[in-house]
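Engineer: A predicted structure for the sequence below; I have some questions about it.
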Amino acid sequence: MAVFGVLATALGAVGLVAPDALLTVMGFEPVPDGGRADGDHTLVFLTASSMAALNMGVYYVLASLADWKPFFRWTVPFRLLTCAVFTLAVVTGRAPAGFLGVGLWEGLGALVTGAALRYEKRKAGDAP
C-alpha cells in the first residue's frame, strides 16, 4: 500500500508540474504549446486527475502507516474495476495501447493486495 501511495503521489505531482511528461508515460502524444484547439480541456482534466492521484497517494500512505486493513480491503474491488475499465478503453480504441500499463498496474496491485490480506488473515488464524 505504501509503495502504491508513494507512486501515485509522485505521478500526481508530475502531472501537476509537467503534464506533458505524464501524458508521454501513459502513451499519449503531447500537443505542443499553442497547438491545442479552442475548447480542448485536456490540461484541465489532467490537472484534476493529477490532483486526485496526489491526494489518493497520500491517503494510501497514511492508511499504510496506520495499518488500516479495512481501507486495504476496500481498494481491492475498486482497483479491479479500474483495471477492467482502463483495459476496455484500450481494447475499444478509446485509449492508446500504452495506457494498458495503467490498467495492468491497478489490476496487479489489487491482486497483490488481496493476496497479502488473505495471507495475513490465514497467518493470524494459525497464531496461538
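Structural biologist: It's in. Numbering: from 1, shown residues only.
Engineer: I'd assumed T82 was in contact with G103.
Structural biologist: Yes: the pair G103 / T82 is scored as a contact, 7.1 Å apart, by Cβ atoms under 8 Å. C-beta here means a position set from N, CA and C on the backbone, and glycine is covered the same way.
Engineer: With neighbour numbers in mind, choose between these two.
Structural biologist: A count of neighbours by other Cβ atoms under 10 Å puts G103 above the other of G103 and T82, at 21 against 18.
Engineer: any idea how far L81 is from the more buried one?
Structural biologist: Distance of G103 to L81, given as Cβ to Cβ, to the nearest Å: 10 Å.
Engineer: quick one, phi/psi of D67?
Structural biologist: When read as degrees, to the nearest 10, the backbone of D67 gives phi 50, psi 50.
Engineer: I'd guessed F28 sits against G98; true?
Structural biologist: Yes: if you go by Cβ under 8 Å, F28 and G98 touch, sitting 7.4 Å apart.
Engineer: helices and strands of this protein: which one has the lowest mean pLDDT?
Structural biologist: Least confident helix or strand, the chain: helix 19-25 with a mean of 88, by mean pLDDT, DSSP states H and E.
Engineer: Could you name the helices and strands sitting against that helix?
Structural biologist: Contact here means 3 or more Cβ pairs under 8 Å, 6 or more residues apart in numbering; DSSP states H and E; on that basis helix 19-25 packs against helix 2-17, helix 42-65.
Engineer: what comes into contact with it?
Structural biologist: L11, V14, G15, E29, P30, L43, L46, T47, S50 (Cβ atoms under 8 Å, 6 or more residues apart in numbering).
Engineer: thinking again about what came up before, export the helices and strands packed on helix 19-25 to TSV and tack on distance to T113, mean neighbour count and mean pLDDT?
Structural biologist: Shown next, in TSV, are these (distance: least, Cβ to Cβ, whole Å; neighbours: other Cβ atoms under 10 Å; pLDDT from 0 to 100):
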stretch	distance to T113	mean neighbour count	mean pLDDT
helix 2-17	8	17	93
helix 42-65	10	16	93
